[in-house]
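K.L.:
Sequence first, predicted model second:
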Amino acid sequence: MNEFLSFAEQVAREAGAVLRERFGTPLAVRHKGRIDLVTEADLLSESLIRERLQGRFPDHAVLAEESGLAERPSAFRWVVDPLDGTTNYSHGYPFFSVVIALEHQGETVVGVVYDPLRDELFSAAKGQGTTCNGRPARVSTIATLEQALLVTGFPYNVKSSPQKNLDHFSAFLDLAQAIRRDGSAALDLAYVAAGRFDGFWEPSLAPWDMAAGSLLVTEAGGRVTAFDGRPFSPYAGEIVASNGLLQDAMCRVLAPPGRAV
């Protein structure tokens, strides 16, 4: 895995430099949905990442947010978000990331989340732990929701979606010490891995939002599941991640009515 991890780290830094250079400048922005944006920076970052992947691993499949799936008859698939936090980026709010994950036979084995403004590179390979800029990262030791700092997000189609996450937000607001909403799910998960947040949940996410960050959390000693505690899949659209000590308590809040945790 070391070859793949080093490559992903290098490419994430390159793509991050593209984003950093254009941050705070006038951008061409178009709408993919009512409030779902894509900027020229997203496209430039993704183009760079795809070019690097094609040059190094031409037989590997690639799933990327803006250009979709380039399928190949391979056991390997790269899952890419060239700019997680596009709305933040387009408004000059400094919380966004480059996200690169690698799956082998359907299992995430490499995950990288890069914050180009803070120059923080969160990395993990299966069985090798999680690091931030080369230093080991570990989840927190907070054991109760009352003492926990949680983080979440809302779906891009929140205006029309029946699953707005407001019911869960309200429930955790009564139980947790505090809740944050920062707008980059991958970076939120990286912060759980680094012990800055104690838990994260969000519905209606895509694989590129969750694949890399979920590996960061588990390799840092945390747990990741579906809302009702079932095994996690980045293709299932929902995630609850924590330091492990809070997982059952969070799932009890999130599990659909009538479904035991």
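P.N.:
Looks like it came in fine. Keep in mind that this is a model prediction, so the values were computed, not measured.

K.L.:
all helices in the stretch 1-150 of the chain, in order from the N-terminus.
P.N.:
2-22, 40-56, 86-91 (DSSP state H, counting those that start in this stretch).

K.L.:
Out of those, which is closest to Val109?
P.N.:
Nearest to Val109 among the helices of the stretch 1-150 of the chain is helix 2-22; the distance by C-beta to C-beta comes to 7.4 Å. All C-beta spots, glycine's among them, are computed from the backbone N, C-alpha and C.

K.L.:
Please name whichever of the helices of the stretch 1-150 of the chain is nearest to Gly111.
P.N.:
Per C-beta to C-beta, nearest to Gly111 of the helices of the stretch 1-150 of the chain: helix 2-22, 8.1 Å.

K.L.:
That closest one to helix 40-56, inter-axis angle?
P.N.:
Calculated by axes from the mean of the first three to the mean of the last three C-alpha atoms, to 10 degrees, helix 2-22 forms an angle of 150 degrees with helix 40-56.

K.L.:
contact partners of helix 2-22?
P.N.:
By C-beta atoms under 8 Å, 6 or more residues apart in numbering, the residues outside helix 2-22 that reach it are 40-41, 44-46, 48-49, 52-53, 56, 82-83, 89, 96, 98-102, 109-110, 112-117, 121, 123-125, 128.

K.L.:
follow-up on the earlier one: distance to Met250, mean neighbour count and mean pLDDT for the helices of the stretch 1-150 of the chain - can I get that in TSV?
P.N.:
Converted to TSV, these look like this (distance: least, C-beta to C-beta, whole Å; neighbours: other C-beta atoms under 10 Å; pLDDT from 0 to 100):
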stretch	distance to Met250	mean neighbour count	mean pLDDT
helix 2-22	29	18	97
helix 40-56	31	18	95
helix 86-91	25	19	93
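
K.L.:
Tabulate these (TSV), appending distance to Ser233.
P.N.:
Converted to TSV, the helices of the stretch 1-150 of the chain look like this (distance: least, C-beta to C-beta, whole Å):
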stretch	distance to Ser233
helix 2-22	21
helix 40-56	23
helix 86-91	24
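
K.L.:
Pro231: neighbour count?
P.N.:
8 (other C-beta atoms under 10 Å).

K.L.:
before we move on, what about the one 10 residues further on?
P.N.:
Under the neighbour criterion other C-beta under 10 Å, Ala241 is assigned a count of 31.

K.L.:
Return the set of residues that bridge with it.
P.N.:
Phe200, Val224 (DSSP bridges).

K.L.:
ok, it touching Leu205?
P.N.:
No: if you go by C-beta atoms under 8 Å, Ala241 and Leu205 don't touch, sitting 11.2 Å apart.

K.L.:
what's the closest of the helices of the stretch 1-150 of the chain to Ala193?
P.N.:
helix 2-22 (14.9 Å).

K.L.:
distance between the closest one and the chain's centre?
P.N.:
Distance of helix 2-22 from the chain centroid (C-alpha atoms, centre = their mean, to the nearest Å) equals 16 Å.

K.L.:
would you put the C-alpha positions of that helix in CSV?
P.N.:
Output of helix 2-22 as CSV, limited to C-alpha atoms (Å, rounded to 0.1, in the frame of the first residue of the first chain):
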residue,chain,number,x,y,z
ASN,A,2,2.9,2.4,0.5
GLU,A,3,3.3,3.1,-3.2
PHE,A,4,-0.4,3.9,-3.5
LEU,A,5,-0.4,6.0,-0.4
SER,A,6,2.6,8.1,-1.4
PHE,A,7,1.2,8.7,-4.8
ALA,A,8,-2.2,9.8,-3.4
GLU,A,9,-0.4,12.2,-1.0
GLN,A,10,1.6,13.7,-3.7
VAL,A,11,-1.3,14.2,-6.1
ALA,A,12,-3.5,15.6,-3.3
ARG,A,13,-0.8,18.2,-2.5
GLU,A,14,-0.6,19.1,-6.3
ALA,A,15,-4.4,19.5,-6.6
GLY,A,16,-4.4,21.5,-3.3
ALA,A,17,-1.9,23.9,-4.7
VAL,A,18,-4.3,24.6,-7.6
LEU,A,19,-7.1,25.3,-5.2
ARG,A,20,-4.9,27.5,-2.9
GLU,A,21,-3.7,29.6,-5.9
ARG,A,22,-7.3,30.4,-6.9
